[in-house]
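Student: Mind folding the following:
(one chain, ligands or ions: 2)
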Amino acid sequence: MIILGIESSCDETAAAILKDGQLLSNVVVSQIDIFKAYGGVIPEVAARSHLEAILPVIDKAMQDAHTDWDDINYIAVTHTPGLLGSLLIGTLTARTLSILHNKPLYAVHHLKSHIYSNWLPDNSSSTPKSAPQTLPQFPLLALIISGGHTQIVQMTKHNDFKIIGTTLDDAVGECFDKIAKILGLPYPGGPSIAKAAQTGDPHKYRFPHPKVDNLNFSFSGLKTAVLRTVQKECSVPINYPSYDLQKLLTPTQISDFAASFQQTAIDILLEKLSLALEQHPNTKSIVFAGGVSANKALRERAILTFSSHCAGYGRAIAAEPRDDGREDSGDEKLKLSFPPIKFSGDNAAMVAEAAYWEIKTGAKPTNPYKLTLAPRSILC
Ligand code: KG4
Ligand code: ZN
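Tutor: Ligands and ions are numbered 1, 2, ... in the order given. Down below sits the predicted model:
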């Protein structure tokens, strides 16, 4: 079974070819360099860039995989959620190719794809070739942490999703991006904050944890708390323009703010995930998904947190503080899974992987003449 995956939900144009679960090619053209100059994504510009890139990207993915249209069995495309103009380019291209080449079309939810990035093969040099890849097991809890979403999802089997926690306001990735702007760090904010935090003191500034019921999250209060503390530290009033604060901060203050904010955000995420695990003690795997899952401090902290959490319940965890997050261990242990770093951001390999499991579980293809778009929609 050969699947062509296509992704264009935000500022990456991507295509990949997956054959029976093996990745034959993976092409990603990022618009990060364009949006660095603006400090964020401009939807109109993103859509135009997708329009320029999408056909060459698909062509390159097919060439890299030594595949032609006769070989392709299915086309999979991200259809929601995302920027409307960006989604339009990817979906219209996929619909046209599906009709032209008479291939069944699978319209895949972006967050489902992020979860399925944990099933992608990891060929990075840090993985010993002899190490078997241990895939997540059901029932699992997935922590989705991207630029637009923060959710805890329970899966009892493939292609079966239940949202058990969600953010009531901002997403955690959005919060990283906004704090980076305040600190004068370049777009995208997540990696910039992570880098600045390496030399900062995570205990220098204390920020309150939101009081949100159940497994839900809130990040807008943290954003405001960081802004107010920066203003206080710079001895300026609260109506001082946030874009001018960076000029008043020293490099040490910037690193300390980055480290303290990152630590608080990670603590908030892992507290809720620990609570979710207490409420679902039969969980076999915890899966991290979305751009923020690339954060090294989060990965290390998660392993520590769940080692001590599980020890209290007479369980052990299977995870090593390696970049690929793969582990080998007995079935009785709680497995932590992180996507290979190169698949934690937006890519089309995860779209093809998600479609692969849709097809395997009997989901029907979409009518390419009727596919409609919903820029915002819930994973179900
Ligand atoms: O999943 P993603 O690539 O796109 C969306 O679906 O939104 O996530 C993008 C988000 C951005 O907010 C970006 O700043 C954040 O992921 N991000 C990170 C890191 N790398 C990317 N956040 C924290 N640490 C990182 N290393
Ligand atoms: Zn994404």
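
Student: give the contact list for Ile317.
Tutor: Going by Cβ atoms under 8 Å, 6 or more residues apart in numbering, Ile317 touches 303, 306-307, 310, 333-336. In this view, the C-beta of every residue, glycine as well, is placed from N, C-alpha and C.

Student: quick one: which of the residues you listed is nearest Asp68?
Tutor: Within those, proximity to Asp68 (Cβ to Cβ) peaks at Lys335, which comes in at 38.6 Å.

Student: ok but that closest one is inside a strand, no?
Tutor: Yes: assessed by DSSP: H, G, I helix; E, B strand; the rest coil, Lys335 belongs to a strand.

Student: what's the neighbour count on it?
Tutor: 25 (other Cβ atoms under 10 Å).

Student: Name the residues of the protein found near ligand 2, please.
Tutor: 146, 346 (Cβ under 5 Å from the ion).

Student: Longest helix in the chain, please.
Tutor: helix 251-279 (DSSP state H).

Student: now the strands for the stretch 151-300 of the chain?
Tutor: 162-166, 285-289 (DSSP state E, counting those that start in this stretch).

Student: Identify the residues contacting the residue nearest to Ala289 when sequence neighbours are not counted.
Tutor: Nearest non-adjacent residue to Ala289, counting by Cβ to Cβ, 6 or more residues apart in numbering: His114, 3.9 Å away. For His114, the contact set (Cβ under 8 Å, 6+ apart) comprises 144, 146, 289-290, 339, 350.

Student: Out of these, grab the one that's most surrounded.
Tutor: Most surrounded of the contacts of His114: other Cβ under 10 Å gives Met350, at 33 neighbours.

Student: name the element it belongs to?
Tutor: Using DSSP states H and E, Met350 maps to helix 349-360.

Student: Pull that helix out as CSV, backbone CA atoms only.
Tutor: C-alpha atoms of helix 349-360 as CSV (Å, rounded to 0.1, in the frame of the first residue of the first chain):
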residue,chain,number,x,y,z
ALA,A,349,4.9,11.7,6.7
MET,A,350,2.6,11.9,9.7
VAL,A,351,-0.4,12.6,7.4
ALA,A,352,0.3,9.5,5.4
GLU,A,353,0.8,7.5,8.6
ALA,A,354,-2.5,8.7,10.0
ALA,A,355,-4.2,7.8,6.7
TYR,A,356,-2.5,4.4,6.8
TRP,A,357,-4.3,3.6,10.1
GLU,A,358,-7.6,5.0,8.8
ILE,A,359,-7.4,2.6,5.9
LYS,A,360,-6.3,-0.3,8.1
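
Student: Next, count neighbours for the residue in the stretch 251-380 of the chain that ligand 2 sits nearest to.
Tutor: Residue nearest to ligand 2 within the stretch 251-380 of the chain (Cβ to the ion): Asp346, separated by 4.4 Å. Counted with other Cβ under 10 Å, residues neighbouring Asp346 total 27.

Student: So for it, what's the nearest residue that isn't a sequence neighbour?
Tutor: Excluding its sequence neighbours, the residue lying closest to Asp346 (Cβ to Cβ, 6+ apart) is Glu12, at 4.2 Å.

Student: residues in contact with the one you found?
Tutor: 28-31, 345-347.

Student: and ligand 1, which of the contacts of His114 contact it?
Tutor: Filtering those for neighbours of ligand 1 using Cβ under 6 Å from any ligand atom leaves 146, 290.

Student: Now the host helix or strand of Leu97 - C-alpha only, PDB.
Tutor: Following DSSP H and E, one finds Leu97 within helix 84-101. C-alpha atoms of helix 84-101 as PDB (Å, rounded to 0.1, in the frame of the first residue of the first chain):
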ATOM      1  CA  LEU A  84      -8.000  28.700   5.700                       C
ATOM      2  CA  GLY A  85      -5.900  29.900   2.800                       C
ATOM      3  CA  SER A  86      -3.200  27.400   3.500                       C
ATOM      4  CA  LEU A  87      -5.600  24.500   3.800                       C
ATOM      5  CA  LEU A  88      -7.300  25.500   0.600                       C
ATOM      6  CA  ILE A  89      -4.100  25.100  -1.400                       C
ATOM      7  CA  GLY A  90      -3.300  21.600   0.000                       C
ATOM      8  CA  THR A  91      -6.800  20.300  -0.300                       C
ATOM      9  CA  LEU A  92      -7.600  21.600  -3.700                       C
ATOM     10  CA  THR A  93      -4.300  20.100  -5.000                       C
ATOM     11  CA  ALA A  94      -5.100  16.800  -3.400                       C
ATOM     12  CA  ARG A  95      -8.600  16.800  -4.700                       C
ATOM     13  CA  THR A  96      -7.500  17.600  -8.200                       C
ATOM     14  CA  LEU A  97      -4.800  14.900  -8.200                       C
ATOM     15  CA  SER A  98      -7.200  12.400  -6.700                       C
ATOM     16  CA  ILE A  99      -9.700  13.000  -9.600                       C
ATOM     17  CA  LEU A 100      -7.000  13.200 -12.300                       C
ATOM     18  CA  HIS A 101      -5.300  10.000 -11.300                       C
END
